[in-house]
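# got a sequence here, can you model it:
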Amino acid sequence: MANPYTPVIASIEDAVYDSPGHLFRVRIIILAVLLGLVALLTLVRFALLLVEFRRREESLWLAKWVKRSENQHFLVTHQRPINMIMVLVTSVILLAYVIRLHELYGDRTSLPQAAGWRNFSFFPLVLHGWLSGWSVLQSHLVVLESKGKIWGWWVAPLANTAYFASTAIMFIPLLTVAAVTTKSWRRVWTSYYQLHALLKQLESSWTPQTPSALPSQYFEFSGAVRRYLRFSVATKALYAAIVAITAIINTVALNLYYTMRKQINFNMAEMAPTSGRSSRRPSQAQVRELASHGIERAKRVQSLQYASSTVIQISFAMIFGGILFATCFGWAISVPTITLGFAHPVRWGAVECSAFLVVWIYALFYLPLSLKLIRDAWINLPNKETGSLRTIPPEDTLAHFFFERGAEATVLPRDGERISLKGVKRDTVARSVRQESAA
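This next block holds a predicted model:
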């Protein structure tokens, strides 16, 4: 007669310990390398940012109060350094999370700390998107006022209060539920440890023809598992909701990008006279005159283009990343981390996706984005001598500003000339700035 306690021991072991699929360690190593690269590239971005501010002889800041009019003080955060800091912190914590869960699934260690890593490791990721969206949103209010928008006296206090209040409303419940979930998991582990030891003792002391019964500790363990699963679902639901709201906020904040594009178009239109007839070709003297009058505006256009490019890239990363992460967290609700009491066992593929899919998306998304942001930062790095933006080689003249492919340029060789700048590209602005800086 078979020992009745043996299958019970196997069931609780299977409920707590999942068996990894094929090539699990290889996937973990690749994921860890990707996260390490993201962290390394973020350090490179931060180094370039420090060089940029040093060459401009400016101080790096994270947040400050901006006074635009009487009794209008807006809290503005600097998106670029905050983005870098949050990406670095998120990458390092997710790297530790991957290592810890590898110890859990691959080596079957670190079990008591597993829930803590599950519940808190994604917090910097969510906070990153939240801070990014509010940063752009606050900046948009300041930009609109600087362009002549008149706000009521209540707008600035309301915006600042909403920033802090919404952050507290969103994240205090999340941290509270995550802490309760972590505590409930420790109870599961304590119950499991006691029950496992007791069942092993009963298994070794059992003799055939002896009646057997489940000890009361088994039912205590089952109750602890059910409580943990309820709190786990609540934690995942809060993560999904906050990420979805973050994506919405970043979508609204895109208005800053369109405002900046309007300012760019306005500056480019102002770089040339707008009256009179038009002809096909400008003379070199006319091009030089436009260069002398338009260089400062060209620098302003280039700065705006760089800023708008950074805003649009980071904002779209927050939007699409938020949609994907919200979907992943929502789907993970249906995947239990403990399978005790489920009629149909959960496949390892679902368990692995629930634990690591968000991390994979983050690493694969931010690696190319970091490379693109490094390239943009290097191209737009101020030169050492003048502190102006780096541009393309000095042999190019401002004529390229008007005759680059994709641009339309016409000018009259007499008074009342007109130049159309429709379709001018960003690199043509850069060339004009380089020529004047070299001169």
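# name the helices or strands packed onto the longest helix anywhere in the chain?
Counting by DSSP state H, the longest helix found in the chain is helix 155-205. Counting contacts by 3 or more C-beta pairs under 8 Å, 6 or more residues apart in numbering; DSSP states H and E, helix 155-205 is packed against helix 5-16, strand 72-77, helix 114-120, helix 123-146, helix 216-253. C-betas here are computed from N, CA, C, even on glycine.
# got TSV for those, with distance to Ile172, mean neighbour count and mean pLDDT too?
Listed next are these as TSV, based on distance: least, C-beta to C-beta, whole Å; neighbours: other C-beta atoms under 10 Å; pLDDT from 0 to 100:
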stretch	distance to Ile172	mean neighbour count	mean pLDDT
helix 5-16	31	16	79
strand 72-77	20	18	78
helix 114-120	14	22	82
helix 123-146	12	21	81
helix 216-253	11	19	88
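# shaky segments in the stretch 201-350 of the chain?
Scanning the stretch 201-350 of the chain for pLDDT under 70 picks out 256-307, 337-346.
# if we use 90, what do you get?
Along the stretch 201-350 of the chain, the parts satisfying pLDDT under 90 run over 201-229, 232, 246-322, 332-350.
# can you report phi and psi for Phe122?
When read as degrees, to the nearest 10, the backbone of Phe122 gives phi -90, psi 0.
# picking up where we left off before, okay, the angle between the longest helix of the chain and helix 216-253?
Interaxial angle of helix 155-205 relative to helix 216-253 (axes from the mean of the first three to the mean of the last three C-alpha atoms, to 10 degrees): 160 degrees.
# re earlier: could you export the helices and strands packed on helix 155-205 as TSV, including distance to Gln194?
TSV is the format used below for the helices and strands packed on helix 155-205 (distance: least, C-beta to C-beta, whole Å):
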stretch	distance to Gln194
helix 5-16	11
strand 72-77	49
helix 114-120	18
helix 123-146	31
helix 216-253	6
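# which of those sits closest to Ser59?
strand 72-77 (14.7 Å; C-beta to C-beta).
# got the angle between the longest helix of the chain and helix 123-146?
Angle, helix 155-205 to helix 123-146, by the same axes, to 10 degrees: 170 degrees.
# report the distance from helix 155-205 to the chain centre.
Relative to its parent chain, helix 155-205 has a centroid offset of 24 Å by C-alpha atoms, centre = their mean, to the nearest Å.
# how about the closest residue to Ala115 other than its chain neighbours, what does it touch?
Nearest residue to Ala115, sequence neighbours excluded (C-beta to C-beta, 6 or more residues apart in numbering): Trp185, at 3.2 Å. By C-beta atoms under 8 Å, 6 or more residues apart in numbering, Trp185 lies in contact with 112, 114-116, 228.
# again, 10 Å this time
By C-beta atoms under 10 Å, 6 or more residues apart in numbering, Trp185 lies in contact with 111-116, 118-119, 224-225, 227-228, 231-232, 337-338.
# so Val335 sits in a helix?
No. Assessed with DSSP: H, G, I helix; E, B strand; the rest coil, Val335 is coil; it does not lie in a helix.
# where's it relative to Trp185, distance?
Between Val335 and Trp185 the computed distance is 16 Å (C-beta to C-beta, to the nearest Å).
# Thr161 now?
Taking C-beta to C-beta as the measure, Thr161 falls 36 Å from Trp185.
# cool, Phe219 as well?
Using C-beta to C-beta, Phe219 is found at 18 Å from Trp185.
# pull the number of nearby residues for Thr42.
Thr42 has 24 neighbouring residues, counting by other C-beta atoms under 10 Å.
# ditto for Ser166
For Ser166, the neighbour count with other C-beta under 10 Å is 14.
# can you name the residues that contact Ile374?
Ile374 sits next to 41-42, 44-45, 47-48 when contact means C-beta under 10 Å, 6+ apart.
# give me the buried entries from those residues.
Buried members of these, scored by 16 or more other C-beta atoms under 10 Å, are 41-42, 44-45, 48.
# dump those residues into a markdown table; add distance to Lys64 and secondary structure as well.
Shown next, in a markdown table, are the buried ones among the contacts of Ile374 (distance: C-beta to C-beta, whole Å; DSSP: H, G, I helix; E, B strand; the rest coil):
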| residue | distance to Lys64 | secondary structure |
| --- | --- | --- |
| Leu41 | 27 | helix |
| Thr42 | 23 | helix |
| Val44 | 26 | helix |
| Arg45 | 21 | helix |
| Leu48 | 22 | helix |
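# between those residues, which is nearest Ile99?
Nearest to Ile99 among those is Thr42, at 18.8 Å by C-beta to C-beta.
# touching, the closest one and Leu88? I think so.
Yes. Here Thr42 reaches Leu88: they are 4.6 Å apart, a contact under C-beta atoms under 10 Å.
# check which residues of the helix or strand containing Ile28 are buried.
The secondary structure element spanning Ile28 is helix 24-55 (assigned by DSSP states H and E). Neighbour counts using 16+ other C-beta under 10 Å place 24, 27-28, 31-32, 34-35, 37-39, 41-42, 44-46, 48-49, 52, 55 of helix 24-55 among the buried residues.
# now stretch 315-335
Using 16+ other C-beta under 10 Å as the test for burial, stretch 315-335 gives 315, 317-319, 321-322, 324-330, 332-333, 335.
# same question, stretch 76-86
For stretch 76-86, burial by neighbour count (16+ other C-beta under 10 Å) applies to 76-77, 79-86.
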